[in-house]
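K.L.:
pasting the sequence and the predicted model now:
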Amino acid sequence: EISLQHGAHRLGRRNDADMARWRAYGLGQFIHWGLYSIPGGEWNGKIYNGAAEWIRTWKEVSPQAYDSLIYRFNPIKFNPDSWAAVAGRMGVKYVTITTKHHDGFCLWPSKYTNFTVAHSPYKKDIIGPLVKAYNKQGIDVILYFSIMDWHNPDWRYDIKTRDDSIAFNRFKQFTRNQLLELLTRYPTAKGLWFDGTWDNSWVKQAAFADSLETEMRKLRPGLIIGSRFRADEYGKRHFDSNGNLMGDYEQGWERKIPEKIEDVHGNDWDCVMTIPENQWGYAKTWSGHIKTADELLEMLAKCVSLDGNFVLNFGPKPDGTLRTEEQTLAKAIGDWMTVNKEAIYNGEYAGFAKQDWGYFIKNTGTNKTYMVIFNVPVSGLLRVTTPLHTVINKAYDLGNLTQTYTPEEIGTSTYFIHLHQQTPKKPFVIVLETGETGKSHGTGYEKAK
Ligand SMILES: C[C@@H]1N[C@@H](C(=O)NCc2ccccc2)[C@H](O)[C@@H]1O
């Protein structure tokens with residue numbers, strides 16, 4: 001262990017109510033919306049083959065031509081209540097919305113720059129009505145904020161000269177002002193999702209970022225900030241120079257999912273995922289593999305089974321409507337969640353040995369462990385190996401409670417659950433009600449001694 005001033009300030013998970021609420025979410029929605037939604041990955045009739053929200057960096061695009069998109073931002077069909085209704089129907093518990101992406105355009109009328117909705121034809125605040133609409137649906141809001149800001153002339157990728165340092169100090173004050181402004185304007189926001197923090201300029205600001213994080217937490221007790229916000233004084237990000245996670249949860253799982261429980265090091269974490277391979281902002285042409293509802297449901301179950309939240313991204317169109325493919329997926333996921341949501345909400349790592357047929361999810365605070373089944377073996381036999389001293393008292397189908405199962409003990413703590421119907425068309429859930437040996441009253445299926 002080396003002594004660190006600006007590394008992790010807490011070891012292990014947060015144990016307060018605000019973080020417990022975040023930990024219980026399971027399923028979230030990401031929304032990427034801004035000027036980049038207008039070109040939608042195309043410029044002068046050419047298709048940009050990068051992520052649509054990065055089109056400003058394309059050699060075909062002049063930055064000032066891109067910045068002039070502000071004069072075309074006028075989402076006349078924007079209706080936050082309809083977005084929130086889609087999210088509610090999908091079963092999300094929280095939404096992460098871009099307040100400012102890397103291009104620097106602010107979806108709220110910030111008083112620290114003119115590059116905001118206030119100076120667009122739309123004129124009105126977007127973030128406020130979104131927060132209100134989602135909160136009305138019982139959905140919490142996390143504000144996405146990019147530190148990197150391509151529009152601000154004081155932004156630097158690195159600090160090489162005294163002039164860089166003078167400019168970047170102005171940029172740091174601008175950033176602090178905007179963050180305090182966001183927290184003040186939107187007091188119900190539960191957290192901040194930081195991005196654009198990998199360049200040397202920001203990585204060198206360990207002391208400034210650390211004190212800003214402390215200041216934000218003081219302004220908003222319970223505020224949730226992930227590991228992507230700041231680096232320690234040796235430039236280490238996410239995990240400090242002693243290997244301890246900075247921030248309240250690990251924010252490294254962007255378009256990827258941990259394979260096994262050891263990969264998450266006992267931390268809280270979220271996985272943020274795109275429907276196409278790599279498009280966050282609206283892209284007119286989706287190329288490559290578009291994930292299906294069943295693929296996304298398996299990612300959701302896998303994340304929750306490994307103690308994480310799964311946050312699926314939507315890229316609304318410039319007119320403020322959601323593209324059909326996203327609406328269709330939201331409904332398919334929602335239809336599944338309507339039946340199976342108790343397996344996802346308040347879900348945590350169950351400690352059962354991983355099996356090929358799918359995922360175990362333990363319900364926090366109860367004796368229920370859910371088997372979320374995607375791959376029924378041709379044998380129709382689902383293997384279950386319980387943690388030490390755990391017995392199965394009951395087993396039944398979450399979608400049809402009269403459908404019960406009597407696990408066949410085939411070895412120490414190992415059972416087979418015999419499926420009656422072989423070819424389910426959708427992922428389904430079997431509920432295990434468990435007890436502890438020595439405490440169970442002989443109702444477990446363990447063989448009498
Ligand atoms: C959530 C996504 N993050 C932005 C991005 O630039 N990701 C690229 C990236 C991903 C991981 C480490 C560094 C950089 C994308 O534009 C999305 O906003």
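P.N.:
Yes, it's here. Residues are numbered from 1 along each chain as shown.

K.L.:
only C-alpha atoms from now on, for both contacts and neighbour counts.
P.N.:
OK.

K.L.:
for residue 119, which residues are in contact?
P.N.:
70-71 (C-alpha atoms under 8 Å, 6 or more residues apart in numbering).

K.L.:
apply 10 Å and report the result again.
P.N.:
Contacts were defined as C-alpha atoms under 10 Å, 6 or more residues apart in numbering; by that measure residue 119 touches 70-71, 73, 109, 113.

K.L.:
can you map out the helices along the chain?
P.N.:
Listed in chain order, the helices of the chain (DSSP state H) span 17-23, 63-67, 80-90, 127-136, 162-185, 200-203, 206-219, 293-305, 324-344.

K.L.:
beta partners for the residue nearest to the spatial centre of the chain?
P.N.:
Computing the C-alpha centroid of the chain and ranking residues by C-alpha atoms, centre = their mean puts residue 311 first, at 3.3 Å. Beta-bridge pairing of residue 311 under DSSP bridges involves residue 28, residue 272.

K.L.:
isn't it up against residue 92?
P.N.:
Yes. With contact defined as C-alpha atoms under 10 Å, residue 311 reaches residue 92; the gap is 8.6 Å.

K.L.:
overlap in contacts, the two.
P.N.:
25-29.

K.L.:
could you dump those residues to JSON lines with pLDDT, distance to residue 247 and neighbour count?
P.N.:
Formatted as JSON lines, the shared contacts of residue 311 and residue 92 follow (pLDDT from 0 to 100; distance: C-alpha to C-alpha, whole Å; neighbours: other C-alpha atoms under 10 Å):
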{"residue": "25", "pLDDT": "98", "distance to residue 247": "18", "neighbour count": "23"}
{"residue": "26", "pLDDT": "98", "distance to residue 247": "19", "neighbour count": "28"}
{"residue": "27", "pLDDT": "98", "distance to residue 247": "20", "neighbour count": "26"}
{"residue": "28", "pLDDT": "98", "distance to residue 247": "19", "neighbour count": "26"}
{"residue": "29", "pLDDT": "99", "distance to residue 247": "21", "neighbour count": "24"}
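
K.L.:
of these, closest to residue 352?
P.N.:
Distances from residue 352 to those, taken as C-alpha to C-alpha, are shortest for residue 26 (19.0 Å).

K.L.:
any figure for the gap between the residue nearest to that closest one when sequence neighbours are not counted and residue 12?
P.N.:
Residue nearest to residue 26 in three dimensions, not counting chain neighbours: residue 309, with 4.5 Å by C-alpha to C-alpha, 6 or more residues apart in numbering. Counting by C-alpha to C-alpha, to the nearest Å, the gap from residue 309 to residue 12 is 17 Å.

K.L.:
neighbour-wise, which of those two wins?
P.N.:
Between residue 309 and residue 12, counted using other C-alpha atoms under 10 Å, residue 309 has the larger neighbour count: 28 against 14.

K.L.:
tell me the pLDDT at that one?
P.N.:
With respect to pLDDT, residue 309 scores 98.

K.L.:
okay but the residue nearest to residue 26 is in contact with residue 344, surely?
P.N.:
Yes. With contact defined as C-alpha under 10 Å, residue 309 and residue 344 form a contacting pair (9.5 Å).

K.L.:
residues near the residue nearest to residue 2 when sequence neighbours are not counted, how many?
P.N.:
Residue nearest to residue 2 in three dimensions, not counting chain neighbours: residue 242, with 6.6 Å by C-alpha to C-alpha, 6+ apart. For residue 242, the neighbour count with other C-alpha under 10 Å is 13.

K.L.:
and if you look at residue 62?
P.N.:
11.

K.L.:
what do you get for residue 162?
P.N.:
9.

K.L.:
same thing with residue 45?
P.N.:
Applying other C-alpha under 10 Å, we find 8 residues neighbouring residue 45.

K.L.:
for it, phi and psi?
P.N.:
The phi/psi pair for residue 45 (degrees, to the nearest 10) reads phi 80, psi 0.

K.L.:
next one: it from residue 150, what distance?
P.N.:
On the measure of C-alpha to C-alpha, residue 45 and residue 150 end up 24 Å apart.

K.L.:
if we can go back for a sec, out of the helices of the chain, deepest packed?
P.N.:
helix 293-305 (a mean of 22; mean count of other C-alpha atoms under 10 Å).

K.L.:
that helix to helix 324-344, inter-axis angle?
P.N.:
Interaxial angle of helix 293-305 relative to helix 324-344 (axes from the mean of the first three to the mean of the last three C-alpha atoms, to 10 degrees): 40 degrees.

K.L.:
what helices or strands is helix 293-305 leaning on?
P.N.:
Judged by 3 or more C-alpha pairs under 10 Å, 6 or more residues apart in numbering; DSSP states H and E, the packing partners of helix 293-305 are strand 27-31, strand 269-273, strand 308-314, helix 324-344, strand 347-349, strand 358-363, strand 368-373.

K.L.:
and residue 209, which of those is closest to it?
P.N.:
Short answer: strand 269-273, nearest of those by C-alpha to C-alpha, at 20.8 Å.

K.L.:
so residue 377 is in contact with residue 416, correct?
P.N.:
No. Between residue 377 and residue 416 there is no contact under C-alpha under 10 Å: 11.7 Å.

K.L.:
now for those two: what residues contact both?
P.N.:
Common neighbours of residue 377 and residue 416 (C-alpha under 10 Å, 6+ apart) are residue 383.

K.L.:
looking at these two, which is more packed in?
P.N.:
Set residue 377 next to residue 416 and count neighbours by other C-alpha under 10 Å: residue 416 wins out with 18 against 14.

K.L.:
output the below-cut-off pLDDT ranges for the stretch 251-400 of the chain.
P.N.:
Of all residues in the stretch 251-400 of the chain, none has pLDDT under 70.

K.L.:
measure the closest residue to residue 152 other than its chain neighbours to residue 375 for me?
P.N.:
If the residues on either side of it in the chain are set aside, residue 152 comes closest to residue 104, at 6.9 Å by C-alpha to C-alpha, 6+ apart. Residue 104 sits 45 Å away from residue 375, going by C-alpha to C-alpha.

K.L.:
equivalent analysis for residue 30, please.
P.N.:
28 Å.

K.L.:
higher neighbour count, the two?
P.N.:
residue 30 (23 against 17).

K.L.:
what is the burial count for the residue nearest to that one when sequence neighbours are not counted?
P.N.:
Spatial nearest neighbour of residue 30, chain neighbours left out: residue 313 (4.2 Å); criterion: C-alpha to C-alpha, 6+ apart. Using other C-alpha under 10 Å, the number of residues around residue 313 comes to 23.

K.L.:
so how far is residue 19 from residue 313?
P.N.:
The value you get for residue 313 to residue 19, if C-alpha to C-alpha is used, is 22 Å.

K.L.:
repeat that for residue 330.
P.N.:
Applying C-alpha to C-alpha to residue 330 and residue 19 gives a distance of 26 Å.
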